[in-house]
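Q: structure of the sequence below:
(chains A, B, C and D)
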4 protein chains.
Amino acid sequence: MNDIKKIIEELVKFRDDREWSQFHNPKDLALAINIESSELLELFLWKKAEEANKEKIKEELADVFSFAFLLAEKYNFDVMEIVLDKMQKNAKKYPIEKAKGTAKKYNEL
Amino acid sequence: MNDIKKIIEELVKFRDDREWSQFHNPKDLALAINIESSELLELFLWKKAEEANKEKIKEELADVFSFAFLLAEKYNFDVMEIVLDKMQKNAKKYPIEKAKGTAKKYNEL
Amino acid sequence: MNDIKKIIEELVKFRDDREWSQFHNPKDLALAINIESSELLELFLWKKAEEANKEKIKEELADVFSFAFLLAEKYNFDVMEIVLDKMQKNAKKYPIEKAKGTAKKYNEL
Amino acid sequence: MNDIKKIIEELVKFRDDREWSQFHNPKDLALAINIESSELLELFLWKKAEEANKEKIKEELADVFSFAFLLAEKYNFDVMEIVLDKMQKNAKKYPIEKAKGTAKKYNEL
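A: From the prediction side, this is the model:
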């Protein structure tokens, strides 16, 4: 079994053991992703990137992934497919020759 | 090759083709995850969960995943491992018998 | 003295008593606003709007305001002026006759 | 009339002219604050604080303030009061002698 399928199975089991599916509508899952992303961000607040606590980053990033996988599961999205599809779109917005070495947004390239 | 390794390889290639590694310090990657999470959230603003546009959710969720995978790559985290580890910790904070059917936070259980 | 000037004076005093100005660059203040906004958001997670704890909302919203005022102070923005200016721009993006009674974004009107 | 009362009056008029009160429940207002905060944050992405565009910061910060004032209005909060009250609480969490010159969180002081 591939690893994403395996992770999602474990997350779904965790959720269903606790009967949390009733709370996990897509809107609240999107809230949860935002909340966890901010807890991750807080680890870098008032700090240089290299001063952040790596062990805590591991945990907060895991929380971001967990809710992102659970939202993907809700919609039955194939995570590899949606990421690769989006990369193709981004390749058009950010063609290599224009985007190379610059952090500008596509509408400023 | 497993899915996550494959996705990360593609994302790294995309990044390196554009020489964007210089911008991708962990702090700014954490910002990027937050920004993408909010673009996802915006799809639900002033709406019921089921009114949100599924095609757009696909794209914004893909962006969240992309930066989350790139941050994991920066630190050389194994995504499956960090998610399963965190789930074990959460299992202690949210034991089934206490957490079943309630959305309360662990410190209110 | 008007109330916004008074609030900012108090916040600046609090900050300077602790010599925190050195940490309060605009980028980190923007992070702080995001982090506090998410703590506010968390009070609504898995809940209906009316189930959220009003006393906690008071505190988290106060934190959002505090960092927003401190960022305004950094740039010497006049809060009333920037809010009223933005409202004028929004009035063009959302003319009453088109925007009345709909939550659509301006580019979908 | 004081500044905050004046700003809120204008925001409420703008909202009511468009009959948007029906969408502005506190939960979605909290979403809106988060979304605007992230648009503010995006102005700093991949950049040093001083490279961000000041005119755009003005607009995005104005949006954060607008929804924060509208949420305060929903609950009938007095903005000056809630900010000063929270500052008093923070003064206990961050006593000057301990917090001076350090960016540590209160639970690490």
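Q: only C-alpha atoms for contact and neighbour calcs from this point on.
A: Noted.
Q: and chain A, which residues reach chain D?
A: Contact residues (C-alpha under 8 Å from any C-alpha of the partner chain) of chain A with chain D: A:31, A:46, A:103.
Q: filter the residues you listed by proximity to chain C?
A: Answer for the residues of chain A next to chain D near chain C (C-alpha under 8 Å from any C-alpha): A:31, A:46.
Q: most neighbours, which of the residues of chain A next to chain D?
A: residue A:31 (25 neighbours; other C-alpha atoms under 10 Å in any protein chain shown).
Q: and it, what does it touch?
A: B:41, C:41, C:42, C:45, D:31 (C-alpha atoms under 8 Å, 6 or more residues apart in numbering or on different chains).
Q: could you check the pLDDT of it?
A: On pLDDT, residue A:31 comes in at 98.
Q: helix or strand: which one has it?
A: If you go by DSSP states H and E, residue A:31 is part of helix A:26-42.
Q: next helix or strand past that helix?
A: helix A:54-75.
Q: find the nearest non-adjacent residue to residue A:101, please.
A: residue B:19 (5.0 Å; C-alpha to C-alpha, 6 or more residues apart in numbering or on different chains).
Q: cool, residue A:38 as well?
A: residue C:35 (5.3 Å).
Q: pLDDT below threshold where in chain A?
A: Within chain A, the set of residues satisfying pLDDT under 70 comprises A:1.
Q: any idea how it splits into domains?
A: Each domain of chain A is listed here as a residue range: A:1-77, A:78-109, per automatic domain parsing.
Q: and of those domains, who's closest to residue D:27?
A: Counting by C-alpha to C-alpha, residue D:27 lies closest to domain A:1-77 out of the domains of chain A; the figure is 10.3 Å.
Q: now find how far off-centre the closest one is within its chain.
A: The chain centre lies 7 Å from the centre of domain A:1-77; the measure is C-alpha atoms, centre = their mean, to the nearest Å.
Q: on that earlier part again, pretty sure the residue nearest to residue A:38 is touching residue A:41, no?
A: Yes: at 7.3 Å, residue C:35 counts as touching residue A:41 under the criterion of C-alpha atoms under 8 Å.
Q: for residue A:18, give its distance to residue A:76.
A: 21 Å (C-alpha to C-alpha, to the nearest Å).
Q: who has more neighbours, the two?
A: residue A:18 (20 against 10).
Q: check contacts around the more buried one.
A: By C-alpha under 8 Å, 6+ apart, the contact set of residue A:18 is B:96, B:99, B:100, B:101, B:102.
Q: not including adjacent chain positions, what is the nearest residue to the first one?
A: When you say that, I think you mean residue B:96. residue A:18 (5.6 Å).
Q: any idea which residue of chain A is furthest from its center?
A: residue A:97 (28.0 Å; C-alpha atoms, centre = their mean).
Q: that one: which element?
A: Taking DSSP H and E as the criterion, residue A:97 maps to helix A:96-99.
Q: what are the contacting residues of that helix?
A: By C-alpha under 8 Å, 6+ apart, helix A:96-99 touches A:109, B:17, B:18.
Q: among those, which one lies nearest to chain D?
A: Distance to chain D, by C-alpha to the nearest C-alpha, is smallest for residue B:18 among the contacts of helix A:96-99, at 14.2 Å.
Q: for residue A:43, which non-adjacent residue is spatially closest?
A: Nearest non-adjacent residue to residue A:43 (C-alpha to C-alpha, 6+ apart): residue A:52, at 5.8 Å.
Q: quick one: the one you found and residue A:46 touch, right?
A: No: the pair residue A:52 / residue A:46 is not scored as a contact, 9.8 Å apart, by C-alpha under 8 Å.
Q: and chain A, which residues reach chain C?
A: So far as C-alpha under 8 Å from any C-alpha goes, chain A lies against chain C at A:23-24, A:28, A:31-32, A:34-35, A:38-39, A:41-42, A:45-46.
Q: now residue A:22, what are its backbone angles?
A: Torsion angles at residue A:22 (phi, psi; degrees, to the nearest 10) stand at phi -60, psi -30.
Q: residues contacting it?
A: Residue A:22 neighbours (C-alpha under 8 Å, 6+ apart): none.
Q: and the gap between it and residue C:82?
A: 42 Å.
Q: quick one on the thing from earlier: of the domains of chain A, which is nearest residue D:61?
A: For the domains of chain A, proximity to residue D:61 was assessed by C-alpha to C-alpha; domain A:1-77 is nearest, at 18.2 Å.
Q: what's the spacing between residue A:62 and residue B:41?
A: Distance from residue A:62 to residue B:41, by C-alpha to C-alpha: 19 Å.
Q: over to residue A:43?
A: 22 Å.
Q: over to residue A:20?
A: As judged by C-alpha to C-alpha, residue A:20 and residue B:41 stand 20 Å apart.
Q: among those two, which residue is more densely surrounded?
A: Shown here are residue A:20 and residue B:41; by other C-alpha under 10 Å, residue B:41 has more neighbours (27 against 18).
Q: doesn't residue A:26 make contact with that one?
A: No: at 9.7 Å, residue B:41 and residue A:26 do not qualify as touching, with contact defined as C-alpha under 8 Å.
Q: now do the same contact list for the nearest residue in space to residue A:68 that is not next to it in sequence.
A: Nearest residue to residue A:68, sequence neighbours excluded (C-alpha to C-alpha, 6+ apart): residue A:33, at 6.4 Å. Counting by C-alpha under 8 Å, 6+ apart, residue A:33 touches A:63, A:64, A:67, A:68, B:37.
Q: which non-adjacent residue is nearest the first one?
A: Going back to what we said before, that points to residue A:63. Of all residues not flanking residue A:63 in the chain, residue A:36 sits nearest, at 6.1 Å (C-alpha to C-alpha, 6+ apart).
Q: what is the burial count for the one you found?
A: That count, for residue A:36 with other C-alpha under 10 Å as the rule, works out to 26.
Q: show me the contacts for it.
A: A:60, A:61, A:63, A:64.
Q: so the last one touches residue A:37, yeah?
A: So the one you mean is residue A:64. Yes: counting by C-alpha under 8 Å, residue A:64 does reach residue A:37; the two are 5.9 Å apart.
Q: who's more crowded, those two?
A: Shown here are residue A:64 and residue A:37; by other C-alpha under 10 Å, residue A:37 has more neighbours (30 against 26).
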